[in-house]
Structure formats: C-alpha cells, structure tokens
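1. What follows is a protein structure lacking sequence information:
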C-alpha cells in the first residue's frame, strides 16, 4: 500500500503524514504543490493520493481531473478545509474517492483510507451536515421535509389549489404534484383524496 | 478652444473684405493717352504736318512703304500708310494713286496684320467716299472700323471717332436719328479716355442736328459747349475750333441773325489768317462767309480779290465738296454783282449727282443760289420752281415732324441713359444685397456647422467620459472582487490552517478547546464564503447560483428556485458580476419584499443573455427608491449590469418585482 500526500502547509503535511504512518501505511512521496504531485503520481502510481485542494500550481481538483483523464489507477482522497457541497460535486465529477475535512482528519482519515482501499467512496459526514445545519430542530415530522415541501404544506393549509401554489412558488404544477406525493410518502399518509389537506389542517391547528 | 475662435475670426474678416469689395463702384475703364508714340525717324517725319506740303513727301512714303512690303514687314508698312492716310484726310487731299495703294493693301496684306493695324484702311476709305459725297459707301467702310476690339487708348479713340464720323454721314443724309445715336456712342467712347477735348467734335455734330431741325437756340448752345471742350486743347484742336466757329456762323446765317453773324465772320476771318493754318477746305468755308460779308457791304473788289486768291488752292485740292463750295461762292458773287450766274447749267447739272448721294444740304445751297439768281434775273417761273424744290429739300433735311422726333429722341436718349444708370445702380444694389444675403446665409450655415460640430464633440466627449466611467466602474468592481477573493482565501487558507495547527498542537486535548476552534474555523469559513463565492472560477456561474439558492433555502428558509440555461460564454469576472447581481437581488428580496417565493432564471439566447429575478412580494416605487438614499442595492445592480455591458430594467408593483438584465453577446 503506497500513499502520496500533497499539501502546501508544511505542518498539515507532516501532521497528515504522521497520521497515515500511524495507521500502518507507507508514505511513498510527499510534496507541497499540485504539479509535483501530478508528476509523482504519474511516475510512481501510488495506490492512494491524499491531496489538499488549495495548492500552488495545480490545485487538488486539477490533479484529480488530470488523473481521471489519464485513466491512472491511483485513487484520490481530497483532504481540505473546503466544507462546500459544490466542490465535492465537482470533485465527484472528476472521480474522486474520498472527501474529508482537515479539521476532522483525526477522526475520519483512517476510516476513509480503509474505505477507499476497498474501492468504496467516502464522504465526510460533516460535509453533509453543512447543508442541513439550519433546518428546524423540532422533533415533529416536518424536520424530514425539504423547504419546498414545507412551503407547499403551508400553502395547502391556506386552502390553495395546486395551480395557485405553483404560481406562488414559481414552480410548475407538475413539480408541485411531485412534491405532494413525496410529502405523502414521507409522512406515511394514506393514499386518499384530500389526505394531505386534512393532515395539514390538523397540524396547523396544533 | 482657441482654434475655433481663430476660425470664426478668419471667416469674419474674409466676409468683411468681401463686403468691402462689393462697396467699390465699378468704374468705366479709363484709357490714358500714351505720352509718346514709338516711331522711327521716317514715320515721325511723315507724321509732321509741315512735311506734307513738301514735294518729296509722297516719294519718301512710297519708297519706305515698298521697301517694307518687300521685306514682308507688313506692320511697319501699315503704320506708315496709316500715318499718310490720316494726313491726307486731314488735308481733305484724296488722290487716286494713294486710294489705289490703300485698296491694294487691303486686298493683299490686310490679313497679315492685326485688325487694329488694318482698321485705318476703312477709316481712309470712309473719308474718301465721304469727300466724294458718297455717304452710303463711306458708312459701309466706317462700320468695318467698329469691329476693332477696345483694349487701349488708341482703339478706344478710334472707335469713338468712327462713331462721330458715322454720325456726320447720317447727318448729311438727313437721318438725324441715327446721327444722334452715333454721336452719343462716340461720346461714350471718348469719355473712356483721359482726353477732355474730344467731346467737342461730337458736340459740333449735335449742333448741326439742332440746326437742321431749325432749333437754333439749342444749336448755338451746343456749338458753344463744343468750343468749350475744344479749347481745352487749343493747339491740337485748332482746325476743329475753326470748323466749330464756321458752324456757328452758319447757324446765325440760317437763323437770319445777321447782326450777330457779320461781326463773328469778321473776327473769325482775321483770327484764321493769324493762326497760320494751311487747311484749304476750312479756309474756303471761312473765306466764303467773309466774301458774303464783303458782298453785303458792297465791297465787290475785295470779294473778287479773295476769290481769285482761293481759286488755285481749291483747284490744287480738287475735293468734290470744296469744288462745289467754291462754285457756290463764285455764283453768290456773280449774283451779288447783278451779273447773274454765267452758267446756271453747271450748277443744275451737279444737283442730280448730289441727289443721288442724298447730299441734301448742298442741294439746298444750290437751290438757294439758283433761286437768288432767278429772282435777280426776274425769271419768276424758274424762281418759283427753285423755291418749291428748295423747301422740298429742306423737308428732306429736317422737317417740323423730324424736329419733334429728334427732340423726343434726344430726351429719350437722355432718359435712357439715366435709366441705364438707375438700372446699373439697382443692379449694384441687387448685387450687394445678393452678396449680403449670400454672406448671411454663409454665416448661418457656418454657424450651424460649428454648432453641430461642437455638439458632436460634446457628445463624443460625453460618450468617452461615459465609457471611461464604465471602464472605471468595471475595474473598481473587479478590483474589489479581487480584494475580497484575496481576503477570503487568506482567511480560509492561512488563518484556518493556523487554527488547525493550533488545535493539533495542544498537548492536552480537551473537547471544549477543540469545539471552540472548530467553531472559529466554521465562522471564518462563513465569513470567507460571504466575501467571495468559494472557488468560483472552478465551480462556474450555474453551480455557484445553485449553491446560493440552496443556501437561501436552508439558511434563510426562503423559497427560491433557479432555472439556469447558461453555458459559459462570458468571462469569469463578468460571470462573477452576474452572481453579485443575483446575490444582491436575492438579499433584497429576502430582506424587504415579504415575498412567498422568488425565481432566478438565466437564459442564454442566440444574441443575448437574459437574467431575470422575480418575486411575488409587496413591491416598491422604483423611481422614488432610486432617488432616495437607501438605494445602494438597486444602484449596485444597475452599475454592475452596465459594467458588463448589460441593461438593467426594474419593474415593480404590488404584485411583485421583476428585475431583468439583458446582456448583448459580443459576436
């Protein structure tokens, strides 16, 4: 098991290296910029490359993309400060295997390497947490619903028709219909007519 | 602008100049008589009147003339011939040899010299025929002289003089209208020269016309003015002065003012004898009146003496007119001496010849003579016949009708002249007005052009300024974004990493410190995210806006959807501005609109990109808000749109707000 680590912050780099080595893996190469990282990967074809995203020269995403384009077998783990879903999505396009945050490296890195080694993907649990952090914390059923769904229920309680709801939310009627059936699914309501309306009226009274 | 001022000044001065020039009166050109003619010795000798009487005069001329013709120096030959012809004419000396020489020159060499140089031929021929009493022929010749172009003193004088001579011919033919017309034409030309004496000879003619019309008062007045002009150059015009004086005597004679006539005859006769002029024709005219005076005083012997004295001179001259005059003089003497005319037949036989040439004036004199003779011989039948013929002839010269006509013509001529002057004035004024109008319109035109130019320049300047402002705004916005990006990445990369190192460096790790540090990291992350969309260049406009929408939904609990149909065509910095516009709009909607939902759509068409942000909130007054202090957000949207070459349009009412930005694609 050969591993390459690239990070332009020397402390983080040495930290990561010591973590990885403490898990019993051999760190073959370390470097502090994307261009060297890409060259080393092409040269040594390590099993796993742990890359930072923000690096001089090529960034982590560029290296990942280049490896995907060269169809190299090295699996990429991005170890970054970017807690951004959009960046992960982009990285996923380039065939990244792991995406973990630096501040949680201690807790997640070992697991991530294990998963990736097996050929599985691993995404930091804290990344997902980023997007739903502001959702209402109440324990009721609404917590599972998306904003659109909650808005639709809100409008249903105002006795709006699907057409009116669609207009008010700038959605198509079809989308609203889709949302309605999803809500019914999520709430486990019987597939009857007006079941959602009745539920909504009841819950709004509470 | 100094250049413009200079241009305006220039235009002004040019127009002033133009105005000034049109103020100048157009003067008739004045030809000045050259002080000395360039002649060679022979020509100068030929020109001297004293030499004309010399026996070798003709020989000198013919030798010189033939020599030049042989040498093909036609101009020189013509010049000499011209001088001699003028001498001949002034002495009323017309011999056949010279006449033939002139006509042969006309035939052979006329075309070898210029029109001006050959004009003398026709002057001479005109003079020749007029001396022979053949006025129709002489008129035809004189008219040829009129063809010369007037471009100097000599040609101008020649033309004027020809008109004067023509007038004389018409007068003799009894055509007073044409005579008068030609006289005035002659005056016109004479007045263009610097010689003040020339009109005198014309006035002599005019006076004769008055006389022919029996307007004796005017005839006397005119002859006086003629003498006034002639006396300005007494030496040159001496012959003409005596002709004028003779005419004056003649007028008194016809007016039967004998009390004035006889003293005048006496003084003229004595003055003439003192003057030393050798002009036989003038001498004959004056002497014939003097004879009349002597006969009147019954001084027959003295009269006889004068006639005898004149006879050889007249015979030598052999001029038709002079011969006739001398014959009349002789006849008058014979009648006065109660002898009766010896040979009335001679006189009667000349009449048809004179009639044929329409020399009415001499015919009249002949009839008067015959009448006197018949009366004296008590042949009343003949007297009555002569009387009748005489009055007929008088009518031919100028009857009452003709008198009126001439006077009317004269007046008409004068008014015409005045009218012409008025017309000329009017024309000048009109010209002036046209020039002024032209200048004014030119001014206005220029003024307009300048105004248009200035406006154009201003517009150009404004446009450039606007472009500069726009560029500046764009750069400002870009710089701001760069700065924000730098701060964001510094915070994110350096500070966060430092914190991370800090977190890892604690020997004794506690949950609380770890959590605290994590919170700080998250806060920094949030700050940096707000400062600049994370890795915008990488993520792109579409995903970044989607992210924004997701965040608005999750963080602000605001229902917003995005429909983005856009593929990268704009630069990353322009895309960032669009992102900012959407961000600003969305934040405004969330903050102020009370909307239930909003929608962001970016549509890329063939020629443009349309960005639309709409909500169903309460809306606002666009005008008012834009003019108020709290409009930074809206201005931000408008300015950013402009910076990327777009046009923002904001429509708002109580049903919601729609912000549309159209960006034209650069083809």
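-> Sure, I can see it. Bear in mind that the values here come from a model prediction, so they are computed numbers and not experimental data.
2. who does the residue in the stretch 451-600 of chain B that chain A sits nearest to bridge with?
-> Taking C-beta to the nearest C-beta, chain A has its nearest neighbour within the stretch 451-600 of chain B at residue B:599, 3.5 Å off. Just so you know, the C-beta spots here come from the backbone N, C-alpha and C atoms, and that holds for glycine as well. Beta-bridge partners of residue B:599, counted by DSSP bridges, are residue B:561, residue B:614.
3. Quick check: it touching residue B:562?
-> Yes. Contact criterion C-beta atoms under 8 Å: residue B:599 and residue B:562 qualify, at 7.4 Å.
4. mind giving me the domain ranges of the chain?
-> Defaulting to chain A. Split into domains by automatic domain parsing, chain A comes to A:2-131, A:141-205.
5. Correction: the question concerned chain B.
-> If you go by automatic domain parsing, chain B breaks into B:417-532, B:538-664.
6. In TSV: the ones you listed, plus mean neighbour count.
-> TSV is the format used below for those (neighbours: other C-beta atoms under 10 Å in any protein chain shown):
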stretch	mean neighbour count
domain B:417-532	13
domain B:538-664	18
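7. Which among those is found nearest to residue B:44?
-> For those, distance to residue B:44 was read as C-beta to C-beta. The smallest value, 40.6 Å, belongs to domain B:417-532.
8. Could I get the average pLDDT for the closest one?
-> Averaged over domain B:417-532, pLDDT sits at 88.
9. residue contacts, whichever residue of the stretch 301-450 of chain B sits closest to chain A?
-> Residue nearest to chain A within the stretch 301-450 of chain B (C-beta to the nearest C-beta): residue B:448, separated by 55.8 Å. With contact set as C-beta atoms under 8 Å, 6 or more residues apart in numbering or on different chains, residue B:448 has no partners.
10. can you give me the helices for chain A?
-> A:10-22, A:34-44, A:60-70, A:85-93, A:105-118, A:125-131, A:147-157, A:162-168, A:173-187, A:195-205 (DSSP state H).
11. a markdown table for those helices, including mean pLDDT?
-> Output for the helices of chain A, formatted as a markdown table (pLDDT from 0 to 100):
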| stretch | mean pLDDT |
| --- | --- |
| helix A:10-22 | 90 |
| helix A:34-44 | 94 |
| helix A:60-70 | 94 |
| helix A:85-93 | 90 |
| helix A:105-118 | 92 |
| helix A:125-131 | 73 |
| helix A:147-157 | 87 |
| helix A:162-168 | 90 |
| helix A:173-187 | 87 |
| helix A:195-205 | 77 |
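12. So which residue is smack in the middle of chain B?
-> In chain B, the C-alpha closest to the average C-alpha coordinate belongs to residue B:431, at a distance of 8.5 Å (C-alpha atoms, centre = their mean).
13. and the residue in chain A that chain B sits nearest to, how many residues sit next to it?
-> In chain A, the residue that lies nearest chain B is residue A:170 (3.5 Å; C-beta to the nearest C-beta). Burial measure for residue A:170: 22 neighbouring residues, criterion other C-beta atoms under 10 Å in any protein chain shown.
14. Give me the distance between it and residue B:617.
-> With the distance defined as C-beta to C-beta, to the nearest Å, residue A:170 ends up 12 Å from residue B:617.
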